[in-house]
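[1] got a predicted model here, sequence first, then my questions.
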Amino acid sequence: MSEKENKNNFDEIKDKRPSKAGEFVGKEEEGENYYVKLDEERVYELAPIAYYVWSMCTGEKTVSEIVQEISEEAQLPQDQVREPVAMIINELAKVSLVNV
């Protein structure tokens, strides 16, 4: 995906207030990944950053506010955080872990 397509993805969702679906069910004992269960048949393994973004999707913050918060915590410019966060939210939405 080109940078322009990524920017368009962010622009399309920046004012939305994503809300997470599913529930946290555990973390790998030896690894870093997290498990989120959507229903009895669907349990997803999330990388730490994807889990962190998922956990921030409370339905109260806009995508722009989530980007701003992650940018401040990671001490990175917002333009370096925008596209990865938008991509994660879009991927989580594809598997119904986030409602956008």
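    Arrived safely, thanks for sending.

[2] ok, which stretches of this protein are strands?
    According to DSSP state E, the chain carries its strands in the segments 19-20, 23-27, 34-37, 43-46, 98-99.

[3] need the phi and psi values for the most far-flung residue of the chain relative to its centre.
    Taking Cα atoms, centre = their mean, the residue of the chain most remote from its mean C-alpha position is E30, at 23.1 Å. The main-chain torsion angles of E30 are listed as degrees, to the nearest 10 and equal phi -100, psi -20.

[4] longest helix in the protein, please.
    Within the chain, and with DSSP state H defining each element, the longest helix by residue count is helix 78-94.

[5] buried ones in it?
    Buried residues in helix 78-94, counted by 16 or more other Cβ atoms under 10 Å: 81-90, 92-93. (Each C-beta comes from the backbone N, C-alpha and C, glycine too.)

[6] distance of Q68 relative to A93?
    From Q68 over to A93 the distance is 20 Å, taken as Cβ to Cβ, to the nearest Å.
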